[in-house]
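Novice: Okay, predicted coordinates and the sequence, questions at the end:
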Amino acid sequence: MISFIISLVALLGGYFIYGRYVERIFGPDDRQTPAVAMADGVDYIKLPNWKVFMIQFLNIAGTGPIFGAIMGAWYGPWAYLWIVLGCIFAGSVHDYFMGMLSVRHGGASLPEIIREYLGNNAKRVLLVFTCFLLIMVGVVFVYSPALILGDMFPKTSMFSGVLLWIIVIFLYYVLATLMPIDKIIGKFYPIFAFALLFMAAALMICLFIKMPALPELWSNLQDSNLNNPKSILGTDTFIQKNPLFPALFLTIACGAISGFHATQSPLMARCIGSEKMGRKIFYGSMITEGVVALIWATVSAYFFYYGGWREVCDPVVVNNFLEQSGKPEGKSLVQYFTAPQVVEIICSGWLGTFGAIIAILGVVAAPITSGDTALRSARLIIAEALGMEQRTIVKRLLIAIPMFIASILLLVWQIENPNGFNTIWQYFGWANQTLSVFSLWTITIYLTQRKKPFIITLIPALFMTMICSTFLFVSQQAFGMDYRLGVCLGVLLVVGALVLFLVKFRSLYGSAK
């Protein structure tokens, strides 16, 4: 627990110290924001600061800092390091600048901001890439909560069918995508965000009460495995198939850095009333997400490494696991208990009936609220690219209907394909972090043009370039190269990116002279 406490303090300190430094570099002022200067009653609406924060937090969070942190903790305390360092120096900086650049460019979406600093060719690529990513998010976050909701009711109940819940969730998506932002999102998101924060705070209190012996940054990971026998944990096999580098940095995305956030920040850039609230809303919401991820990584360490599953699981579940684990085809702990199951078991076990209700809000409502804003962002991005105003419902429908049809087709393919969900999720994970690479390079060029300390995003940009390229080279879903060869190619790509940047830097510096 000492590593957890140190990490928690570091995250909070990062907001107050490094966050202020980043804010000074950008230099917010008193100019009118798009919410005031471009108010249209649909997407550009000034909202209270607390509400903007809560919506931004839920937009970027969803189940990312929960499920990703639970799986990331299988790598041990390395998860703490990535959450803390990634969140403070990469994710929060990324979210703050993308949000504030959108404010400065009239609420512009990600492809337009990229066009401004990386050129039209980059914009065209990112336009297609971003829209496809957002539609994937919408599809992924329809099917997973529909499965959970369908299993909650008896099979004889009219509410037990998965197809029924898919239809219900998709109809909600339609409304949330088309309605003015203050009608549905502005009213319900703060409630769901509070539930997510309350769940995390309650679990943190439980952790401090229990004070379990968990893996520390300086401890031997094998010795920290308190399961008996140790072999039932199964992390060794998992890590062999998914090497820490680069898999950890893709597994924990939303808790450290996520390119998806760059598509969401412009939504709130159109609702913020003052530039000076940017650090609290954009940087602060990412730090908050990091805290949530940190808590869930610690809960996961308790469940898997400490052997907490024996304490919180029903005795029947414990016996069923132990009985099957002794068989040749038996599953390990990390295979047997999925991330959503861990959430449900921990919340109901530690927090009782009320906790189970909160868990449902976290596991079901959070992904749904990520999916609807993803499709809303896609609508706005396409509208911006076509130069089509969105004040009238007819213009919104002209863009939304083809987008919904594409989503339905992808959803049908996912349902019909036995491995459809896993396939889409894997591509989403890589595409998500690849998007952060483009965003970080965009911010770096912006800082270079303004003769500001570009090193604060250059280092994260190079690191994430290395992560995404290496994963592409070594992943069995992509090129499937030898691990060492893939890492070497990743290094070469990073060196090439750095050279191109230095050439660009010299041209910008020379033109400035």
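Specialist: That came through fine.
Novice: all helices of the stretch 51-200 of the chain, in order?
Specialist: Listed in chain order, the helices of the stretch 51-200 of the chain (DSSP state H, counting those that start in this stretch) span 69-72, 78-86, 92-104, 110-118, 120-152, 162-178, 185-210.
Novice: Just tell me which of the ones you listed ends up closest to residue 226.
Specialist: Each of the helices of the stretch 51-200 of the chain was checked against residue 226 via CB to CB, and the shortest separation belongs to helix 185-210, namely 13.6 Å. In this view, the C-beta of every residue, glycine as well, is placed from N, C-alpha and C.
Novice: Show me what that closest one is packed up against.
Specialist: The criterion is 3 or more CB pairs under 8 Å, 6 or more residues apart in numbering; DSSP states H and E, and the helices and strands that helix 185-210 contacts are helix 49-61, helix 284-304, helix 339-360, helix 366-386.
Novice: switch to 10 Å and redo it
Specialist: Packing contacts for helix 185-210, counted by 3 or more CB pairs under 10 Å, 6 or more residues apart in numbering; DSSP states H and E, involve helix 2-16, helix 49-61, helix 162-178, helix 284-304, helix 339-360, helix 366-386.
Novice: buried stuff in it?
Specialist: Neighbour-count burial for helix 185-210 flags 185-186, 189-190, 192-193, 195-200, 202-204, 206-207 (criterion: 16 or more other CB atoms under 10 Å).
Novice: Would you mind writing the CA trace of the next helix or strand along the chain from it as PDB?
Specialist: Stepping forward along the backbone from helix 185-210, the first helix or strand reached (DSSP states H and E) is helix 235-241. The C-alpha atoms that make up helix 235-241 are tabulated as PDB, following Å, rounded to 0.1, in the frame of the first residue of the first chain:
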ATOM      1  CA  THR A 235       0.300 -13.700 -14.800                       C
ATOM      2  CA  ASP A 236       3.600 -15.300 -16.000                       C
ATOM      3  CA  THR A 237       1.800 -16.900 -19.000                       C
ATOM      4  CA  PHE A 238      -0.100 -13.800 -19.700                       C
ATOM      5  CA  ILE A 239       3.000 -11.600 -19.700                       C
ATOM      6  CA  GLN A 240       4.900 -14.100 -22.000                       C
ATOM      7  CA  LYS A 241       2.100 -13.700 -24.600                       C
END
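Novice: Work out the gap between the next helix or strand after helix 235-241 and the centre of the chain.
Specialist: Using DSSP H and E, the helix or strand that follows helix 235-241 in sequence is helix 244-251. Relative to the chain's own centre, helix 244-251 is displaced by 14 Å; criterion: CA atoms, centre = their mean, to the nearest Å.
Novice: For the helix or strand just after helix 244-251, buried residues please.
Specialist: On the C-terminal side of helix 244-251, the closest following helix or strand by DSSP H and E is helix 260-269. Buried residues in helix 260-269, counting neighbours by 16+ other CB under 10 Å, are found at 260, 261, 262, 263, 264, 265, 266, 267, 268, 269.
Novice: quick check, nearest of those residues to residue 294?
Specialist: Nearest to residue 294 among the buried residues of helix 260-269, counting by CB to CB, is residue 261 at 17.5 Å.
Novice: if we can go back for a sec, would you turn the buried residues of helix 260-269 into JSON lines with distance to residue 40?
Specialist: Compiled in JSON lines, the buried residues of helix 260-269 are given as follows (distance: CB to CB, whole Å):
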{"residue": "260", "distance to residue 40": "25"}
{"residue": "261", "distance to residue 40": "24"}
{"residue": "262", "distance to residue 40": "22"}
{"residue": "263", "distance to residue 40": "20"}
{"residue": "264", "distance to residue 40": "19"}
{"residue": "265", "distance to residue 40": "19"}
{"residue": "266", "distance to residue 40": "14"}
{"residue": "267", "distance to residue 40": "14"}
{"residue": "268", "distance to residue 40": "15"}
{"residue": "269", "distance to residue 40": "14"}
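Novice: what about the closest residue to residue 234 other than its chain neighbours, how many neighbours?
Specialist: With CB to CB, 6 or more residues apart in numbering as the criterion, residue 234 has its nearest non-adjacent residue at 2.3 Å, and that residue is residue 332. For residue 332, the number of neighbouring residues by other CB atoms under 10 Å comes to 19.
Novice: Likewise for residue 432?
Specialist: Here the number of neighbours of residue 432 (other CB under 10 Å) works out to 24.
Novice: who's in contact with the residue lying closest to residue 113 once chain neighbours are set aside?
Specialist: Take residue 113 and drop its neighbours on the chain: the residue closest to it by CB to CB, 6+ apart is residue 101, 5.2 Å away. When contacts are counted by CB atoms under 10 Å, 6 or more residues apart in numbering, residue 101 touches 26, 108, 110, 112-114, 116-117, 262, 265-266, 269, 439, 442-443, 446.
Novice: ok, and which of the helices and strands packed on helix 185-210 has the densest surroundings?
Specialist: By mean neighbour count, with neighbours taken as mean count of other CB atoms under 10 Å, helix 284-304 ranks first of the helices and strands packed on helix 185-210 at a mean of 28.
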